[in-house]
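Trainee: Have a look; sequence and predicted model below, questions after that.
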Amino acid sequence: MPCRALIYAEVSLKNKVILSQKRIEKFDSIVIKPPAEGARYYVKILAINREDISKTSGVEF
């Protein structure tokens, strides 16, 4: 998850939080072991400033 600011990421599956707010600076990865086959994960990006969210360049699966 490359970004140029400080953000927090939270991952949930079926309304159950799997990974609570992980601090991400510059570039970091989130690993879910073992991922459920065919499941849809919800990634929530949190930032103090709205501009910081726009600095996030994407999520790679």
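Mentor: Perfect, I can see it now. Note that this is a predicted model, so its numbers are computed, not measured. Numbering: from 1, shown residues only.

Trainee: Contacts only, for the residue most central in space within the chain.
Mentor: By C-alpha atoms, centre = their mean, the chain has its centre lying nearest to Ala9, at 3.5 Å. Contacts for Ala9 (C-beta atoms under 8 Å, 6 or more residues apart in numbering) come out as 1, 19, 21-22, 24, 30, 43-46. Quick note: C-beta positions are derived from backbone N, CA and C, even for glycine.

Trainee: Does it lie in a helix or a strand, and which?
Mentor: Element membership for Ala9, per DSSP states H and E: strand 2-13.

Trainee: can you check Glu25 too?
Mentor: Using DSSP H and E, Glu25 falls within strand 16-27.

Trainee: Just grab the bridge partners of the residue nearest to the centre of the chain for me.
Mentor: Following DSSP bridges, Ala9 is listed with bridge partners Lys22, Ile45.

Trainee: Check what pLDDT it gets.
Mentor: Looking at Ala9, its pLDDT stands at 86.

Trainee: Thanks a lot, catch you later.
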